[in-house]
Every structure is written in C-alpha cells, then in structure tokens.
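Q: My questions are about this predicted structure, shown below with the sequence.
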Amino acid sequence: MSVDLESLSEATSGAIGALLSTTILYPLDTCKTKYQAEVRAHGQQKYRNLSDVFWEAISTRQILSLYQGLGTKNLQSFISQFVYFYGYSYFKRLYLEKSGSKSIGTKANLVLAAAAGACTAIITQPLDTASSKMQTSAFGKSKGLWQTLTEGNWSEAFDGLGISLLLTSNPAIQYTVFDQLKQRLLTAKQNTTDKGSSPEALSAFSAFVLGAISKSVATVLTYPAIRCKVMIQAADSNDGEASKAKGRSRKTVSGAVYAIWRKEGPLGFFKGLHAQILKTVLSSALLLMIKEKITATTWVLILAMRRYLLLSRGRLKSA
C-alpha cells in the first residue's frame, strides 16, 4: 500500500503549525477555558471578564500555572491536526479520483471535512478531556496526564465525545470557507503545474487574513455547542465534595444546557464568545499561516526523500 505523499505533506505541515500556534497562545487559551467553564451561582460569578483569570494568576503568584496542561494540549493538537489534515487531504484526493471531477463543490467539501473531523475527534477525545480538566483546575493544583486520565473510569475520558462529533461542523465550515477563499484568491496565479513541483502557496499575510475570516464564521455558528463541551469536560474540576453531584449532572448535553439556561439565561450560551473568537481566530490564523509557508518546504523534503529511497532501491537491485 503506497503512502499518499501530498496528504503526508499536508498533515505534517498542519501538525507543526498547530504545535507552534498552541504554544504561543496557550496562556490565553487557559484563561478562555476557565472563563467558559464557570457557571454563575446565586447571581454571582468569580470571573466577570477574561482578564480576571489572568489577574488571579498574577495576584496568587501562579503565573506559570497559565501553562498547566501545555504538554497534553500540544500532544493533542499535534495528533489531531496531523490526523485531520491527512484525512482531509486524502478524502479530497480520493473523491476527485472516484468522481472524475476537477474541483470539489461546497457540499462535498463540507462532508469530507466533517468525516476527517469525526476521525480526529474519536482518536484524540481522551487528550482533549484531560487538557480541559488541567486548564480548569485551581492554579497550582493541576494533575499530570496519566493521573487525570485514570482518576475516574475510562468512559469519563470520552466525556463530551458526542458534542465533539457535533462540533466537527466547526473545522468543516472553517476549512471549506478557507479553501473556497483561497481558490478564488489564487485563480489568477494558478497555472498548470507538474506533479513533481511544489504546490501553489498563499503569502503569509493572505493566509493569516483568510484563516481569521474562516475561523470567525465557524466559531460564531457553533459557539453554544463549544461552551457546553467545555462545561461537560470540566464539570468536576473546580467542584468541592459537596457539589460533586451537581458537577456530574452537567456531564451530559441536556444537563449543561439546563445549567446555562437556568442560571444565565439565553445569553449564557454565548458567554466568552469574544474570548473564543480572539483565541481561536489567532490560533487558526497562525496555524494556517505557518502551514502555508512550510508546506512547500515539506513537499520538497518528502520528494527528495522519495527520490533517495528509489535510487537506493535501484542500486540494491542492480548490485
């Protein structure tokens, strides 16, 4: 079975981009996640603004705790983006080969992106859950990855899987919008290229802008589900023993929806939307910018490696 080199190039560059963007923006991600996970109790809330989380870390001299769970998040980001970009690129190539079409329509693109997202969600859900629990733990009290995964039963590692599968629509919308905008932007430049040449790439600025626009659209459309997912995964992280039962009651979609509706009203489903857009837009834009800039290099390196392996195989046969 031959390896799809173009899909491998896309997956590698996407995973590297995810690793770098996650590390750069991780303190913002931690503040965002803790802010989203909090539900107003008795008309009061600990964090009124996103900046309150940051100032808490400073006032308690736990600034480094903004990086708690970074290793797990990086592992999850690398694996998820590698799986997603490989699956997305592979499914697109397979669709074009089987259908005989020269381009992919919007509907087909959404289905292919959702399929790649579903595969990614199932594979990386335990790491995603562990990462959310680490980020929403009290500053300085985060547990390690193995302890976080094994403190409950293994089914709890897949908390939020159903809603994660629903949220495959987020990257599906994002990358469909990005690809469509990219194709229009490059239409004037796109000439027929040889298979051995590197693919056409966007400039860093263009990739950043298109990444920001596409992620903003996807985030606004799917945000209520995003907030419910964070609450489900972090339900027990900050609860004392007396409120563990209430935390467990929020471990279902219906429980999370009921808690938000009862304590915060309809607008509660959009609490932290500005923080989510700020973080995810910057993260996605950085990821796509880095990916676009290193894809050509990755492609050249993979082709050079394949050429070297073919030459080595030829020499062995002739020897």
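A: In hand now; what should we look at?

Q: three-state assignment of residue 202?
A: Recorded secondary structure, residue 202: coil (DSSP: H, G, I helix; E, B strand; the rest coil).

Q: wait, isn't it in contact with residue 290?
A: No. In this structure, residue 202 is not within contact of residue 290 by C-beta atoms under 8 Å, at 11.7 Å. Placement of C-beta: from N, CA and C, glycine included.

Q: same for the helix or strand hosting residue 305, what does it pack against?
A: Using DSSP states H and E, the secondary-structure element containing residue 305 is helix 273-318. Helices and strands touching helix 273-318, by 3 or more C-beta pairs under 8 Å, 6 or more residues apart in numbering; DSSP states H and E, are helix 5-24, helix 26-37, helix 204-233.

Q: ok, for residue 206, nearest residue in space, not its chain neighbours?
A: With C-beta to C-beta, 6 or more residues apart in numbering as the criterion, residue 206 has its nearest non-adjacent residue at 6.3 Å, and that residue is residue 185.

Q: can you pull the contacts of residue 65?
A: Contacts for residue 65 were tallied using C-beta atoms under 8 Å, 6 or more residues apart in numbering; they are 30, 57, 139-140, 142.

Q: Just the buried subset of the residues you listed, please.
A: Neighbour-count burial within those applies to 30, 57, 139, 142; the criterion is 16 or more other C-beta atoms under 10 Å.

Q: follow-up on the earlier one: pLDDT score for the residue nearest to residue 206?
A: Residue 185 carries a pLDDT score of 82 in this model.

Q: Could you confirm it falls within a strand?
A: No. Under three-state DSSP, residue 185 sits outside any strand and is assigned helix.

Q: ok, it - how many residues close by?
A: The number of residues packed around residue 185, counting by other C-beta atoms under 10 Å, is 16.

Q: With residue 206 instead?
A: Around residue 206 sit 17 other residues, with neighbours defined as other C-beta under 10 Å.

Q: do the same with residue 94
A: As a burial measure, the neighbour count of residue 94 was computed by other C-beta under 10 Å and equals 13.

Q: In the chain, what helix or strand scores lowest on average pLDDT?
A: Scoring the helices and strands of the chain by mean pLDDT, DSSP states H and E places helix 244-249 at the bottom, with a mean of 50.

Q: Give the buried residues for the next helix or strand after it.
A: Using DSSP H and E, the next helix or strand after helix 244-249 towards the C-terminus is helix 253-264. Residues 253, 255-257, 259-260 are the ones in helix 253-264 that count as buried (16+ other C-beta under 10 Å).

Q: Pull stretch 59-74 out as CSV, backbone CA atoms only.
A: This file holds the C-alpha atoms of stretch 59-74, laid out as CSV (Å, rounded to 0.1, in the frame of the first residue of the first chain):
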residue,chain,number,x,y,z
SER,A,59,-2.1,38.0,42.4
THR,A,60,-1.6,34.4,43.6
ARG,A,61,1.9,34.3,42.1
GLN,A,62,0.9,31.4,39.9
ILE,A,63,1.7,32.9,36.5
LEU,A,64,3.4,29.7,35.4
SER,A,65,0.1,27.9,36.1
LEU,A,66,-1.3,29.5,32.9
TYR,A,67,0.8,26.8,31.2
GLN,A,68,-0.6,23.9,33.2
GLY,A,69,-1.5,21.1,30.8
LEU,A,70,0.6,22.6,27.9
GLY,A,71,2.3,19.2,27.2
THR,A,72,-1.0,17.4,26.9
LYS,A,73,-2.5,20.2,24.8
ASN,A,74,0.5,20.1,22.4
